[in-house]
Each structure stands twice: as C-alpha cells, then as structure tokens.
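**Q** Predicted coordinates and the sequence they were generated for:
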Amino acid sequence: MRYNNDMSIFRKSFWIVTGYLLFAGQAYAACTQTVTNTAQSVTNTSPTILPNPIRAASFQDLANDVLGIVSSIGGVVAVFFIIYAGFLFVTAGGNEDKHKKAKAAILYAVIGTAILLGAQALSSIVCATVESLK
C-alpha cells in the first residue's frame, strides 16, 4: 500500500514539474512592451525584423551545437543508467538471472557512453578535416 501511495505522489510531482517546465518557455517569450492599438499613436512603421533563432553561421557550428546538447543530455542519462545498473547489482543477491541482467545493463550503459564520447571525437575529427580542406 505504501508503494502505491509513494508512486502516486511521485507521479503527481512529476507531472507538476513537467507542466511547469513545458510552459516556462512561453513565459519567456511573452511580450513585455506596452502596445497601444490606436491608429493615431502609430509613429514608427518600420518592419519588424526577427533574428535567426539558429545562432550557427555554418553547418559545422550547427552540428557542434546539436552535438553539445545531445552530449549534455546523454551524459546525464548515462549516469542514471550506470546508477540503475549498480542498483541491479546490489539487489541481485545470489540470483544468477538478476546478476546476468545487471551485467547486461552495465555493459549497455558503458557502450552507450562510449558511443556518446565517440560521436564527439568523430565530430571534431570531421570538422578539423573539413577546415583543412578549405
């Protein structure tokens, strides 16, 4: 019974935090200027120029930005999976099946982390090669 109550509290907390984070961007994007809507008060008729939301000037910069975001999120996920695999090892006790599952989980977490680091290394090698060809 306690487990269900704890999970219910966790689910409610999760959805509250998720909802807050989803709408935080809209709050930052809200217009903070006071605008009068009368035709007599319009003095500046210059068009509004929207800035480019992608700050990258080239494809290499864009690839580095995307890889940076993926690496930061992937690093956090990798840490959580390694902690989860450690938890599986601790709770396995003498059960051989659980021990094999824990070994597989740690192996997959390490492989995923290696792929993440390899992607960064490959990206820097490719960018350096392309820069040397210019």
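**A** Okay, I see it.

**Q** Tell me the secondary structure at the residue positioned nearest the centre of the chain.
**A** Residue closest to the average C-alpha location in the chain (C-alpha atoms, centre = their mean): I73, at 3.9 Å. Of the three states, I73 takes helix according to DSSP: H, G, I helix; E, B strand; the rest coil.

**Q** so how far is I83 from it?
**A** 16 Å (C-beta to C-beta, to the nearest Å). Yep, even glycine has a C-beta here, placed from its N, CA and C like the rest.

**Q** quick one: contacts for the residue nearest to V110 when sequence neighbours are not counted?
**A** Once flanking residues are discounted, V110 sits nearest to I82: 7.6 Å by C-beta to C-beta, 6 or more residues apart in numbering. Residues in contact with I82 (C-beta atoms under 8 Å, 6 or more residues apart in numbering) are I106, A109, V110, T113.

**Q** so which helix or strand takes in I82?
**A** helix 59-92 (DSSP states H and E).

**Q** Could I get the buried residue list for that helix?
**A** Residues N64, L67, S71, G74, A78, F81, I82, A85, L88, F89, A92 are the ones in helix 59-92 that count as buried (16 or more other C-beta atoms under 10 Å).

**Q** Could you verify my assumption that the last one touches A104?
**A** No - the pair A92 / A104 is not scored as a contact, 11.7 Å apart, by C-beta atoms under 8 Å.

**Q** The lengthiest helix in the chain to helix 59-92, inter-axis angle?
**A** Identified as the longest helix of the chain according to DSSP state H is helix 96-133. Relative orientation of helix 96-133 versus helix 59-92 (axes from the mean of the first three to the mean of the last three C-alpha atoms, to 10 degrees): 170 degrees.

**Q** 3 is where my numbering starts, stick with that
**A** Will do, 3 is the new start, and the previous item becomes helix 98-135.

**Q** who does helix 98-135 touch, helix- and strand-wise?
**A** helix 61-94 (3 or more C-beta pairs under 8 Å, 6 or more residues apart in numbering; DSSP states H and E).

**Q** and the helix it packs on, how far from the chain's centre?
**A** 9 Å (C-alpha atoms, centre = their mean, to the nearest Å).
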